[in-house]
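Colleague: okay, structure incoming, though there's no sequence with it:
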């Protein structure tokens, strides 16, 4: 914990540099974008199913 | 599809703000460092919540004027989405606070009042569910909602400014300037807010349609 704290204090600037230097932040971005896309497409598909239901119930009534 | 352009816009803005939120360069601030990027995700939750609660109070007023039960359902469902946004806002705020202010909950005025504002809306939902008779329930809920909304605004935007707060823009000085929001951050922050507001409104319309479909089929 102590080591972590001292890292946070004097290594903060270098940490931000390293996150880009390693280039692997793009891996995280890719994952998050995938999740976001999945959820958004899910939302669109939910709405599609809802639309079908609405049409069905309109015919019934 | 062209009727749904705003849903696509919301999806695009949220995606853009997520990518740019991670990859854009940000000003280096002590304590905050890279966590300043949370501004693109934490704050839009609150803005979304406020917009959804405004939609709700609009429909509550319309309900009192028209007695149309559709407005009652709209008011409830927008509060439902707004409460989800608010919970996400408070949890993301606690995570952010843990690593910048040192504690997840430091009893900062704005944290406390945000929690109270959420409780106000929990009370709205509980109160509404406690009344069986439909017309009465709708009317009481609408009146409560009209009182809860200005309370929420006061709790979130007025009272925190009268006391010292860890939140930027409080303790006397209003505005976003505490973050030195530079143009690079604005280019991500505003689209993020608009995008999350649109997504929240979209979820609300879906919930409303589900609820009115349920109602139609049970009648």
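Modeller: That came through fine. These numbers were taken from a predicted model, which means no experiment stands behind them.
Colleague: mind listing what's buried in the longest helix along chain A?
Modeller: Longest helix in chain A, counting residues (DSSP state H): helix A:25-60. For helix A:25-60, burial by neighbour count (16 or more other Cβ atoms under 10 Å in any protein chain shown) applies to A:29, A:40, A:43, A:47, A:50. Quick note: C-beta positions are derived from backbone N, CA and C, even for glycine.
Colleague: check which helices and strands that helix sits against.
Modeller: Helix A:25-60 sits against helix B:5-23, helix B:183-218, with contacts defined as 3 or more Cβ pairs under 8 Å, 6 or more residues apart in numbering or on different chains; DSSP states H and E.
Colleague: tell me which of these sits nearest to residue B:48.
Modeller: With Cβ to Cβ as the criterion, residue B:48 lies closest to helix B:183-218 of those, at 4.1 Å.
Colleague: check whether that closest one contacts chain A.
Modeller: Yes: Helix B:183-218 is in contact with chain A by Cβ under 8 Å from any Cβ of the partner chain, via B:199, B:202, B:203, B:206, B:209, B:210, B:213, B:216, B:217.
Colleague: lowest confidence element among the helices and strands of chain A?
Modeller: Lowest by mean pLDDT, DSSP states H and E among the helices and strands of chain A is helix A:2-10, with a mean of 47.
Colleague: and residue B:27, which of the three is it?
Modeller: Three-state assignment for residue B:27 (DSSP: H, G, I helix; E, B strand; the rest coil): coil.
Colleague: oh, I was asking about residue B:30
Modeller: coil.
Colleague: contacting residues around it?
Modeller: Applying Cβ atoms under 8 Å, 6 or more residues apart in numbering or on different chains, we find residue B:30 in contact with no residue.
Colleague: residue B:151 versus that one, what's the distance?
Modeller: Separation of residue B:30 from residue B:151 (Cβ to Cβ, to the nearest Å) stands at 36 Å.
Colleague: could you do residue B:11 as well?
Modeller: Residue B:11 sits 33 Å away from residue B:151, going by Cβ to Cβ.
Colleague: what's the helix or strand of chain B with the lowest mean pLDDT packed up against?
Modeller: Ranking every helix and strand in chain B by mean pLDDT, DSSP H and E puts helix B:159-162 at the bottom, with a mean of 79. Packing partners of helix B:159-162 (3+ Cβ pairs under 8 Å, 6+ apart): helix B:109-130.
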